[in-house]
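Student: Predicted model and sequence follow; I will ask about them next.
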Amino acid sequence: MNKSKMPSSSKQRKIAVMGYRSVGKSSLSIQFVEGQFVDSYDPTIENTFTMSTRVNSQDYELKLVDTAGQDEYSIFPLQYTIDVHGYVLVYSVTSTKSFEVVQLIYDKLLDITGKVRRTNKGEQSCFGVPIVLVGNKTDLHMERRISAEEGKKLAQDWNAIFLEASAKQNTSVSDIFHTLLLEIEKADTKSNDKSNCCIS
Ligand SMILES: Nc1nc2c(ncn2[C@@H]2O[C@H](COP(=O)(O)OP(=O)(O)OP(=O)(O)O)[C@@H](O)[C@H]2O)c(=O)[nH]1
C-alpha cells in the first residue's frame, strides 16, 4: 500500500463535561467547538459535539459530551463512565454550591470508576481517568465566591489539573480541552506500563 494513501492516525477521544446547573458547561463546549458565546440560558439535557483538533502534532476526533447539570440528589448517569477518556469537572467561581456539587460528582465518579491501590499506608482509592477541574466565570470579579487557591487545593487533592476560565471572554477555554487530551496521552502511556493507577 502506498504510504501516502494510508488513513491518517487520528485518535478518537471522548470527553464528558460535568458539573452543577448553570456553571457554563454548554458555554465552554460551544466556545471551544464553535468559537462563540451565547448569553442566554437554555438548560441542557445532553448534547454531543464532534470535532477535529490537533495537539502536539497529533490529530484527534473529539466527542464532547455536554451533560445535564447535576445536583446533590442526582443519580450519577452510568453512561458517562463508559468509554470516556477524560472528564472536565466544572464549577462557577461565583457559586459555593457549585463548588460543593463538583466534589460530590467527583466522589461518585471515584466510587464507580476508581481503583483501589495498596500502599504501605493501607488501601487508597485513586482515579484512573484524567480530570481537569475548571473554575468558570472568572470575568464576574465582583461575584467571586471561590478563590483560585481553593480550586487549586481541591485539584491537588484529586491529583487533577486545575484551570480557571471564562467562557464569555474565551479565557483558557481551549487550554482546558488541549490539556486534558495531553493528560489522556500520559495516562495511556502509564496504563501500558501498569506500574501506577494514579495520574500525576
Ligand atoms: N459572565 C459569564 N457568564 C457565563 C459564563 N459561562 C456561562 N455563562 C452564563 O451562565 C448561564 C449558564 O450557562 P450554560 O452554559 O447554559 O450552563 P450549563 O452548565 O450548561 O447549564 P445546564 O445545562 O443547566 O447544566 C448562561 O446564561 C451563560 O450565558 C462565563 O464565563 N461568564
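Tutor: Arrived safely. Source: prediction; values computed, not measured.
Student: what ranges do the strands span in the protein?
Tutor: Secondary structure of the chain (DSSP state E): strands at 11-19, 46-55, 58-67, 86-92, 115-119, 122-126, 131-136, 161-164.
Student: Enumerate the residues of the protein near the ligand.
Tutor: Residues of the chain lying near the ligand by CB under 6 Å from any ligand atom: 19, 21-27, 39, 41, 43-44, 68-69, 136-137, 139-140, 166-168. Bear in mind the C-beta positions are built from the backbone N, C-alpha and C, glycine included.
Student: May I see the PyMOL selection of the buried members of the residues you listed?
Tutor: Buried residues among the residues of the chain next to the ligand (16 or more other CB atoms under 10 Å), as a PyMOL selection:
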select buried, resi 19+21+22+23+24+25+26+27+69+136+137+166+167+168
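Student: The residues of the chain next to the ligand in helices, which ones?
Tutor: 25-27 (DSSP state H).
Student: got the contact list for the residue nearest in space to the middle of the chain?
Tutor: Most central in the chain under CA atoms, centre = their mean is residue 88, positioned 1.2 Å from the mean C-alpha point. Neighbouring residues of residue 88 by CB atoms under 8 Å, 6 or more residues apart in numbering: 15-18, 25, 28, 131-132, 134, 176-177, 180.
Student: How confident was the prediction at it?
Tutor: At residue 88, the model reports a pLDDT of 98.
Student: when you give positions from now on, start the count at 10
Tutor: From this message on, residue numbering opens at 10, which makes the last subject residue 97.
Student: Okay, and the beta partners of it?
Tutor: Taking DSSP bridges, one obtains residue 26, residue 141 as the residues bridged to residue 97.
Student: From residue 28, how far off is it?
Tutor: The spacing between residue 97 and residue 28, counted by CB to CB, to the nearest Å, is 8 Å.
Student: Give me the common contacts of these two.
Tutor: Listed as contacting both residue 97 and residue 28 by CB under 8 Å, 6+ apart are residue 34.
Student: before we move on, the earlier item: the strands of the chain: which one's closest to residue 86?
Tutor: Closest to residue 86 of the strands of the chain, according to CB to CB: strand 67-76, at 7.0 Å.
Student: Adjacent strands (with direction) for the closest one?
Tutor: Strand pairing for strand 67-76, determined by DSSP bridges: strand 20-28 (parallel), strand 55-64 (antiparallel).
Student: Pick the most buried one from those strands.
Tutor: Among the strands paired with strand 67-76, strand 20-28 has the highest mean neighbour count (mean count of other CB atoms under 10 Å), at a mean of 22.
Student: quick check: angle from that strand to strand 95-101?
Tutor: Here strand 20-28 runs at an angle of 30 degrees relative to strand 95-101 (axes from the mean of the first three to the mean of the last three CA atoms, to 10 degrees).
Student: contacting residues around strand 20-28?
Tutor: Contacts to strand 20-28, defined as CB under 8 Å, 6+ apart, come from residues 34, 37-38, 67-76, 78-79, 89, 92-100, 107, 110-111, 114, 186, 189-190, 193.
Student: likewise stretch 177-189?
Tutor: Stretch 177-189 is contacted from outside by 24, 36-37, 40-41, 44, 46, 48, 62, 64, 71, 73, 95, 97, 139, 141, 143, 146-148, 170, 172-176, using CB under 8 Å, 6+ apart.
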